[in-house]
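Colleague: pasting the sequence and the predicted model now:
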Amino acid sequence: MRSTLQWPSPFPIPTFSYDVELRLRKANEVYEQTNKTLSVPREMKSHILEKIAEAIFALKAYPHPEEIETVASALVLKHPCLTEPGTGKGFDGWNMSLKYKLGNYRSKLRSAGCHEVSINRKRGGGDGEDKRTLKKAKRGEVNYLPDHPSGQSDDTLEEERLILVEELKKRTKNENLVSQKMSVTFSLRRKEIVEVVPMVSEVLERWPALFLPNEIGNEFKRITNVDLLDTFRSSLHQHTPQLLKLYRARQGAFGKEMEDLLNKLDQQTSNIVNQIKQTVLEGLPLFLREDPSALFRKCLDTSPPDRQTRGMKMGILAVIEDDVAPSALPTFTNFTVVLEEAAVLKDISDLLSAVAYLFGLIYALDFEYPKEIRYSFEVIEKVFMEMGTHCSARVQSLKTKLML
């Protein structure tokens, strides 16, 4: 597994070979006195790019373009003699060279049998032509498909998985052992999920610990190095006032559903802080002009379980008390995360946690965002969790409004 450090700012440029470092030091001294840049020989440039590519891959196999640009910028900042004269930012050539070098570096690793860059291919094309395109980790994954730990194989990790499954059958579970085995078997689990693409029911059978609340957060951090619950909670707390303001300012534009949602909030007299955040989450699909029923569904606590989840590929089931007066506001007893009609996580106390766990499971199971609710998940990913900067026009518009 590669390092789980987040993308650093500034990027730490590695130390090069002794002779290259010596030439750079002397050239930097000349540049400081005369502003004369270094004419870099081919072998020296190749060495610099190779070392930097290794450092980048230690953090991320498929960095975003803006992340590669920060590396090029850091290179000329540390070694100003490498600044490119003329127009531009002074490192545009290095930026382009790094992109090509990373592609070549991944090809070399693929030939050596590195899983992450060999599985990230899908076969396509027609007319007898074998066309290949990269299937990249696109949502901020740091460890999308890591290699097995040193000394481990599919067989040895399968033995660890069996120990994990047996531990989950005990009435009193050793949580430390569960976490340790989940960490050790991470590469095997990712290999199965990404390569085999099993049904959720199969993952539940083979990896039941993956659906424990703590392990959802742990798995999300292994994949992205982002703390799931803390990041989501703090970001939602930060954006809630402005989101609520936006909802109220244009509630008439979003139909009766938004008006009803805000009116119910205004009638609340208890637990108001949680109710506000719940309203903000329920209103997000409406504000983004998506169908909220594609993500949220309500049911009575007396409804048959199989009927509650029927037809739900992915979403949150809000369970309502059945014995309240018709005129009273609905009381949610708990929330359930549903995937492929299976209730994979029950009895969640609040909607905020339920949405966070669902988002974590999307990463853990390598799910695509459903098309009918993709903008809401994009907001969670790129606005709330701050994982990526390139947004669709609809999400960028909301992001800009939140900054006002």
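Modeller: Structure received.
Colleague: is it fair to say residue 146 lies in a helix?
Modeller: No: counting by DSSP: H, G, I helix; E, B strand; the rest coil, residue 146 is located in no helix; its state is coil.
Colleague: quick check, it in contact with residue 116.
Modeller: Yes: using Cβ atoms under 8 Å, residue 146 is in contact with residue 116, at 6.3 Å. (Glycine included, C-beta is placed from N, CA and C.)
Colleague: give me the more crowded residue out of the two.
Modeller: residue 116 (25 against 20; other Cβ atoms under 10 Å).
Colleague: the strands in the chain, which residues?
Modeller: Using DSSP state E, the strands of the chain run over 121-124, 131-134, 296-300, 314-320, 332-339, 342-348.
Colleague: so what secondary structure elements neighbour the fifth one?
Modeller: Under the contact criterion of 3 or more Cβ pairs under 8 Å, 6 or more residues apart in numbering; DSSP states H and E, strand 332-339 touches helix 305-309, strand 314-320, strand 342-348, helix 351-364.
Colleague: again, only this time at 7 Å
Modeller: In terms of contacts (3 or more Cβ pairs under 7 Å, 6 or more residues apart in numbering; DSSP states H and E), strand 332-339 is packed against strand 314-320, strand 342-348, helix 351-364.
Colleague: tell me which strands the first one pairs with, and in which orientation.
Modeller: Just to be clear, that refers to strand 314-320. Sheet pairing of strand 314-320 (DSSP bridges) gives strand 296-300 (parallel), strand 332-339 (antiparallel).
Colleague: just the buried residues of the last one, please?
Modeller: By neighbour count with 16 or more other Cβ atoms under 10 Å, strand 332-339 contains the buried residues 332, 335-339.
Colleague: quick check: which ranges of the stretch 301-404 of the chain have low pLDDT?
Modeller: Within the stretch 301-404 of the chain, the stretches with pLDDT under 70 are 305-306, 323-330.
Colleague: go again using 90 as the cut-off
Modeller: 301-313, 319-333, 341, 388-390, 403-404 (pLDDT under 90).
Colleague: quick one, phi psi at residue 8?
Modeller: With angles defined as degrees, to the nearest 10, residue 8 shows backbone torsions of phi -80, psi 150.
Colleague: please parse the chain into its domains.
Modeller: For the chain, automatic domain parsing gives the domain ranges 18-118, 154-224, 228-402.
Colleague: could I get these as a markdown table with distance to residue 9?
Modeller: Below are those laid out as a markdown table (distance: least, Cβ to Cβ, whole Å):
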| stretch | distance to residue 9 |
| --- | --- |
| domain 18-118 | 7 |
| domain 154-224 | 17 |
| domain 228-402 | 13 |
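Colleague: nearest to residue 141, of these?
Modeller: domain 154-224 (5.2 Å; Cβ to Cβ).
Colleague: count the residues that sit near the nearest residue to residue 364 once chain neighbours are set aside.
Modeller: Distances taken as Cβ to Cβ, 6 or more residues apart in numbering place residue 219 nearest to residue 364, at 4.5 Å, with adjacent residues excluded. Neighbourhood size, residue 219 [other Cβ under 10 Å]: 26.
Colleague: could I get the contacting residues of residue 219?
Modeller: Neighbouring residues of residue 219 by Cβ atoms under 7 Å, 6 or more residues apart in numbering: 210, 360, 364.
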